[in-house]
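# build me a model from this:
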Amino acid sequence: MPLSIGQRVKAELSGAELHVIKKLGEGTQGEVYLVEGPDGYQAVKWYKPEQATPEQRTAILYLVRTGPPFGAAGKRFIWPLDLVTSGPSGHFGYLMQRIDTKRFAELGEVWAHLKPVPNFSALCEISYQLANSYRALHLSGHCYRDISAGNLMFDPVTGDILICDNDNVGVNRQSRCQVWGTMEYMAPEIIRGTADPSTQTDLHSLAILLFYLWVWHHPFHGEMEYRFHCWDIPAKKKVYGETPVFVFDRLDFSNTLPQDPDYAIARERWAWCPGELRDTFTRAFSDGLRDPDRRVTEGEWQGLFSRIKDRIACCPRCRAENFAGQNGRIGSCWHCNAAITPPPVLSIRRPSGNIPLLLSLGTTLRKRHISSATPLDDGAEVVGKVVPHPSIAGAAGIRNLSKESWNITFPDGRSTKVPPDRAVPLHPGTTIRIEGIELTILAPEPGVTP
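Purely as a prediction, here's the structure:
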């Protein structure tokens, strides 16, 4: 039975009494309510009678006692906090933190123009955090089993994410689940009935979600989907599970995008993607489609989005973000077609090799640039930011946003320290040392590629 406004329910493990304030929404498995208790305003997902099974109750108690993955990656999961019941009825739900829906958006709200479209920097951060959080979940021995756009919320400005509906998380290849996923995100082997949900099938779902975020289209919605007059279950099984073909496959052209205006946005957004990202999507939906062991891993996605975010530069005319190539060069702006002169580059010397970071206004230097991310810290902390000079037009510097002074050596050999909140001018040849890592400002790459 649904909860009623003003009703009192109980958090079983803590013993706290919760007061139902209002209904927030409804989904396939249940309804979500705003509640007030000892810890302030929170939310409760209340299961529909057919979903309130003993198995689901056991699953929720397991998740409450286990807790989310550790560190920053785990904090992005809206994890079950307690089992919630109402008298002897046998109905139940679970307590979770409340989501700030003014700040966080769903992808559908962006498509409907109800929330702003993330720029490339924010899109890279959304994608990085997604890969980072699912990597942490999988390393903890669990699989999500229902990765989809419906379970993701993100800040369109900063790229911070939240992962919702975690009540279907289970132990990889062991625990059973009432939900096997959303068909358009399911791995083909699940649809064909030859495999159960696992971390391996999660990788396929993650690749589809990332493709939706970047291209605003399903990777298998081409001529095959276009020719179906009735988009029913058999049609979906055919396209997603039995004979899936990537719309941008480089060898099989049987499922290319139709010549229809409805598919123009997908073509346009695919063209905006950096070549390295297009190559990775192609591998995910060709090699990874045929062989689950060759799917793109969360760590590969994480490294990719970190790299391409470091190669973003703003157009001086319209301020649109553009991706530089792997050689550091940029062509004309995708938005206004103006030629873009590449900005200076910060070369970060790491044991694994040098990392190039384009120094456009607003570029951030993060902890992950100078130290390896750990399970407890994904390195998202901003330690520096490129800011304009307060009085010299066109000049800029890297402001120290860390808590420690930086050691600076200028091109003429002079050395100094730059304390927190002060900036280092972007003079080529200047070297910055942070936590034992050497960072050198280099002149822009000469020449502009057409």
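# against P118, how distant is the closest residue to I340 other than its chain neighbours?
Counting by CB to CB, 6 or more residues apart in numbering, I330 is the residue found nearest to I340 once chain neighbours are left out, at 4.5 Å. Quick note: C-beta positions are derived from backbone N, CA and C, even for glycine. To P118, I330 is 20 Å away according to CB to CB, to the nearest Å.
# excluding chain neighbours, what is closest to T430?
Residue nearest to T430 in three dimensions, not counting chain neighbours: I441, with 4.6 Å by CB to CB, 6+ apart.
# ugh, wrong one, G181
Counting by CB to CB, 6+ apart, the residue nearest G181 is D146, at 4.9 Å.
# the one you found contacts D165, correct?
Yes. Using CB atoms under 8 Å, D146 is in contact with D165, at 6.8 Å.
# hang on, the earlier thing: next, give phi and psi for the residue nearest to G181.
Dihedral pair for D146: phi -150, psi 50, per degrees, to the nearest 10.
# count residues in the vicinity of it, would you?
By other CB atoms under 10 Å, 22 other residues sit near D146.
# pLDDT score for it?
Note for D146: predicted pLDDT of 90.
# about what we covered before: element containing the residue nearest to I340?
Counting by DSSP states H and E, no helix or strand carries I330.
# could you check how far it is from S89?
Separation of I330 from S89 (CB to CB) stands at 63 Å.
# compare the two (neighbour count), which wins?
I330 (24 against 10).
# could you give the mean pLDDT of the lengthiest helix in the chain?
Longest helix in the chain, counting residues (DSSP state H): helix 120-139. Mean pLDDT, helix 120-139: 95.
# residues touching stretch 7-20, excluding its own?
With CB atoms under 8 Å, 6 or more residues apart in numbering as the test, stretch 7-20 has contacts from 3-6, 33-39, 42, 44, 64, 81-86, 93, 95.
# put the buried members of those into a PyMOL selection.
Buried residues among the contacts of stretch 7-20 (16 or more other CB atoms under 10 Å), as a PyMOL selection:
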select buried, resi 3+33+34+35+37+42+44+64+81+82+83+84+85+86+93+95
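# and the helix or strand harbouring S205 with helix 120-139, angle?
In this assignment (DSSP H and E), S205 forms part of helix 199-215. For helix 199-215 against helix 120-139, the angle by axes from the mean of the first three to the mean of the last three CA atoms, to 10 degrees is 170 degrees.
# now do helix 199-215: which elements does it pack against?
The contact analysis (3 or more CB pairs under 8 Å, 6 or more residues apart in numbering; DSSP states H and E) places helix 199-215 against helix 120-139, strand 142-143, helix 188-191, helix 264-272, helix 275-284, helix 287-290, helix 298-309.
# how far is that helix from where the chain is centred?
10 Å (CA atoms, centre = their mean, to the nearest Å).
# ok, stretch 335-350 next?
Distance of stretch 335-350 from its chain centroid, counting by CA atoms, centre = their mean, is 24 Å.
# what mean pLDDT would you report for that stretch?
pLDDT averaged over stretch 335-350 gives 90.
# check stretch 156-167 too.
Mean predicted confidence for stretch 156-167 is 95.
# send over it as PDB, restricted to the C-alpha atoms.
Once non-C-alpha atoms are left out, stretch 156-167 reads as follows in PDB (Å, rounded to 0.1, in the frame of the first residue of the first chain):
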ATOM      1  CA  PRO A 156      25.400  20.200 -15.600                       C
ATOM      2  CA  VAL A 157      27.900  22.900 -14.500                       C
ATOM      3  CA  THR A 158      30.500  21.100 -12.400                       C
ATOM      4  CA  GLY A 159      30.000  17.500 -13.700                       C
ATOM      5  CA  ASP A 160      29.500  16.100 -10.200                       C
ATOM      6  CA  ILE A 161      27.300  13.000 -10.300                       C
ATOM      7  CA  LEU A 162      24.900  10.900  -8.100                       C
ATOM      8  CA  ILE A 163      24.000   7.300  -8.800                       C
ATOM      9  CA  CYS A 164      20.500   6.400  -7.700                       C
ATOM     10  CA  ASP A 165      18.400   3.200  -7.200                       C
ATOM     11  CA  ASN A 166      21.200   1.200  -5.700                       C
ATOM     12  CA  ASP A 167      18.800  -1.400  -4.200                       C
END
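# so for it, what gets flagged as buried?
For stretch 156-167, by 16+ other CB under 10 Å, it's 156, 159-167.
# and which of those residues is nearest R295?
I163 (19.5 Å; CB to CB).
# and the closest one, what is it in contact with?
Going by CB under 8 Å, 6+ apart, I163 touches 76-78, 130, 133, 144, 151-152.
# 10 Å instead?
Contacts of I163 were listed using CB atoms under 10 Å, 6 or more residues apart in numbering, and they are 68, 73-74, 76-79, 129-130, 133-134, 137, 144, 147, 151-154, 169.
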